[in-house]
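>>> need a structure here:
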Amino acid sequence: MNRRLVLIASIAWLGLAAPTLAQTAAPKANEVPSPADTYAELFHQVQMRKLFPDGKTFVDAAPRRPPAQILAAYRAHATFTDAELKRFVRANFDVPESAPLPPPSKDRTTLKAHIATLWPVLTRPPVTAVEGGSALPLDKPFVVPGGRFREMYYWDSYFTMLGLVADGQHAAVENMVDDFSGLIDRYGHIPNGTRSYYLSRSQPPFYFAMVGIADKTDKARFKARVDLMRREHAFWMDGEKGLAPGKAYRRVVALPDGAILNRYADDRATPRDESYREDVLTAREVMNRPAGEVFRDLRSGAESGWDYSSRWMADGESLKTIQTTSILPVDLNSLLYGLETAIAEGCGAVSDAACVDEFTGRAKARRAAMDAYLWDAPRGLYLDYQWRDRAKLDHVSAATLYPLFVGAASPDQAKAVAAQTRALLLAPGGLRTTTVATGQQWDTPNGWAPLQWVAVSGLRRYGEEALAKDIGERWLKTVAREYQASGKMLEKYDIEEAKAGGGGEYPLQDGFGWTNGVTRVLLEMYPAAGQ
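Okay, the predicted model is just below:
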């Protein structure tokens, strides 16, 4: 039986209709099969029986012999108890154990000194792909977030790089930009992370910002990176030509007036390999939609980086109402404006006038569309837009600051956003993610390092220095307080009570790449707050 049909049949056994999963395409020529593709019913059983507490464990395992031999041995065995299946997996795969935790600071050196000790702990060597394994090849060393995140991640890495630059680790930054460049060259886009199961989606497109903080003295290398920005832009804009108003294709949506804006949209409509059981169980609870639609929206929420948030939920509360692909997000479209602006500037630096004209025009058109569909003048906020319902969503979030980060806001818009940020999003310990509590990790009370930096950087860009300083100092005090209590740098924080964060699909992680990076660069700006 075809492996994909076996997987579909296995899911159908759980009460999910097989036809809805048939809409998922097989891996493209430049993709690598995911563990679900490769290990079929073996994969399904391991994940659904929850042999490992974290669904990411098995998908990160490396086979000890050819996958076909492993599957043949599995199929030759009539039935497995859970214990037998776990022994089979451990006999046939190198299963990653929990990553060693970064050592907490015993003597509580300064935050700055502690972060410097973490860079080598989080640095990994180049990767060679293994047949049947999920790791994608990388030519240069790179820095991981930490904990269960044992590979290089897309948007995490920009914020990590900020700290590397502040600590003079310029070679590490160049290595990581080269690795990301290689991913675009090989796959046509930067995947969510450097695993095969992430290839069907990307993440918030920060590559242009990485290039912006990297070395530009090597003109040939800079030109090559600008060309790769254009390739990434083509990935996000695939399908725009000839798209009828009111229709969507992949990540592009044509609005009624012909304007084009973007959405998050994973290319697959199956459960995420790394959260397979969770997605299957979520879809089983949704009675009024095909399972494939639910899976795609869950995957697309992961592409957003905000996995998960009330932003993506039709009722603002329950994951069962997730509608990610129906939303035009403020942050994604802001970043694509930033990408278009950066391409225009880069093409200007290499004297490509036609490219300058094209991408200046694209950025201008996107900004006009953002003003028309995402800007709410009475509220003084940028809000996400539900393109199917033709309505702005009343979900106040830190995404409203992204247009300031990339320079897409007018001075009056920036002033209004700053006022609303102080009124609605400023918490005792930093910038709120949203204003509602759902138990999801990208909702209040959690605060996240990348959103602090986007806010601080964007507000400073428009002269809102006092609010930027207030957010930055509150965040640093939160991080410093937890550091003094535990000696750790955490993935996220409760910024209402200035303590460790929580919620989401997995336990709180420490390490932690982007927290280290943002904290380190903010310490340069507001050193007194980190004491």
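>>> Tell me how many other residues crowd the nearest residue to Ser157 once chain neighbours are set aside.
Among residues not flanking Ser157 along the chain, Met176 sits closest, at 5.7 Å (CB to CB, 6 or more residues apart in numbering). C-beta: built from backbone N, CA, C; applies to glycine. By other CB atoms under 10 Å, 24 other residues sit near Met176.
>>> Give me the pLDDT value at Met176.
Note on Met176: pLDDT of 98.
>>> and it, that one's in a helix?
Yes. Assessed with DSSP: H, G, I helix; E, B strand; the rest coil, Met176 lies in a helix.
>>> how near is it to Arg231?
According to CB to CB, to the nearest Å, Met176 stands 18 Å off from Arg231.
>>> Thr217 now?
Counting by CB to CB, the gap from Thr217 to Arg231 is 23 Å.
>>> go on, Ser351?
20 Å.
>>> Compare those two and say which is more crowded by neighbours.
Taking neighbours as other CB under 10 Å, Ser351 and Arg231 compare with Arg231 leading, 14 against 8.
>>> OK, contacts around the residue most central in space within the chain?
Nearest residue to the geometric centre of the chain (CA atoms, centre = their mean): Gly305, 3.0 Å. Going by CB atoms under 8 Å, 6 or more residues apart in numbering, Gly305 touches Trp155, Gln203, Pro204, Pro450.
>>> which stretches of the stretch 201-350 of the chain form strands?
For the stretch 201-350 of the chain, strands defined by DSSP state E, counting those that start in this stretch occupy the ranges 248-249, 252-254, 260-262, 327-328.
>>> hang on, isn't Phe235 packed against His189?
Yes. Using CB atoms under 8 Å, Phe235 makes contact with His189 at a distance of 4.0 Å.
>>> and these two? which has more neighbours close in?
Ranked by neighbour count (other CB under 10 Å), Phe235 and His189 place His189 first, with 23 against 16.
>>> mind checking how far the more buried one is from Arg75?
Here the criterion is CB to CB. By it, His189 lies 35 Å from Arg75.
>>> Please apply the same query to Val350.
For Val350 relative to Arg75 (CB to CB), the value is 56 Å.
>>> same thing with Arg231?
Distance, Arg231 to Arg75, by CB to CB: 41 Å.
>>> Got phi/psi on Arg195?
The phi/psi pair for Arg195 (degrees, to the nearest 10) reads phi -130, psi 150.
>>> Without its sequence neighbours, what residue ends up closest to it?
By the measure of CB to CB, 6+ apart, the closest residue to Arg195 outside its immediate chain neighbours is Ser134, 4.4 Å from it.
>>> who touches the one you found in this structure?
Taking CB under 8 Å, 6+ apart as the criterion, Ser134 is in contact with Val32, Ser34, Pro35, Val59, Asp60, Arg195, Ser196, Tyr197, Asp273.
>>> Okay, and which of the residues you listed map to helices?
Applying DSSP state H to these, the entries found in helices are Pro35, Val59.
>>> Most widely separated two among the contacts of Ser134?
Val32 and Asp60 (13.9 Å; CB to CB).
>>> how about the helices of the stretch 101-250 of the chain, start to end?
Residue ranges of the helices in the stretch 101-250 of the chain, as given by DSSP state H, counting those that start in this stretch, are 111-122, 154-166, 170-187, 207-213, 219-236.
>>> Show the pLDDT at Val59.
As predicted, Val59 sits at a pLDDT of 98.
>>> right, and it touches Asp37 too?
No. Look at Val59 against Asp37 with CB under 8 Å: they stay out of range, at 11.3 Å.
>>> Between the two, point out the one with more neighbours.
Remark: of Val59 and Asp37, Val59 carries more neighbours, 27 against 20, as counted by other CB under 10 Å.
>>> Mind splitting this structure into its structural domains?
Domain segmentation of the chain under automatic domain parsing yields 3-98, 111-264+304-530.
>>> wait, what's in contact with the nearest residue to Val32 once chain neighbours are set aside?
Distances taken as CB to CB, 6+ apart place Ser196 nearest to Val32, at 4.0 Å, with adjacent residues excluded. Neighbouring residues of Ser196 by CB under 8 Å, 6+ apart: Glu31, Val32, Pro33, Ser34, Pro35, Ser134, Ala135, Leu136.
>>> Narrow those to those that are buried.
For these, a burial check counting by 16 or more other CB atoms under 10 Å picks out Glu31, Val32, Pro33, Ser34, Pro35, Ser134, Ala135, Leu136.
>>> my read: the fifth one touches Lys56, true?
This points to Pro35. No. Between Pro35 and Lys56 there is no contact under CB under 8 Å: 10.5 Å.
>>> Could you report the neighbour count for Arg250?
A count of neighbours around Arg250, defined by other CB under 10 Å, yields 18.
>>> and it, what pLDDT?
Arg250 is assigned a pLDDT of 98 by the prediction.
>>> Next, the contact list for it, please.
Counting by CB under 8 Å, 6+ apart, Arg250 makes contact with Asp238, Gly239, Ala265, Asp267.
>>> Go ahead and name everything in contact with stretch 332-341.
With contact meaning CB under 8 Å, 6+ apart, stretch 332-341 is reached by 204-209, 229, 232-233, 236, 261-264, 304, 359, 362-363, 366-367, 369-370, 374, 382, 402-403, 405-408.
>>> Let's see that with 6 Å instead.
Contacts with stretch 332-341, where a contact means CB atoms under 6 Å, 6 or more residues apart in numbering, come from 204-205, 208, 233, 261-262, 359, 362-363, 366, 370, 402-403, 406, 408.
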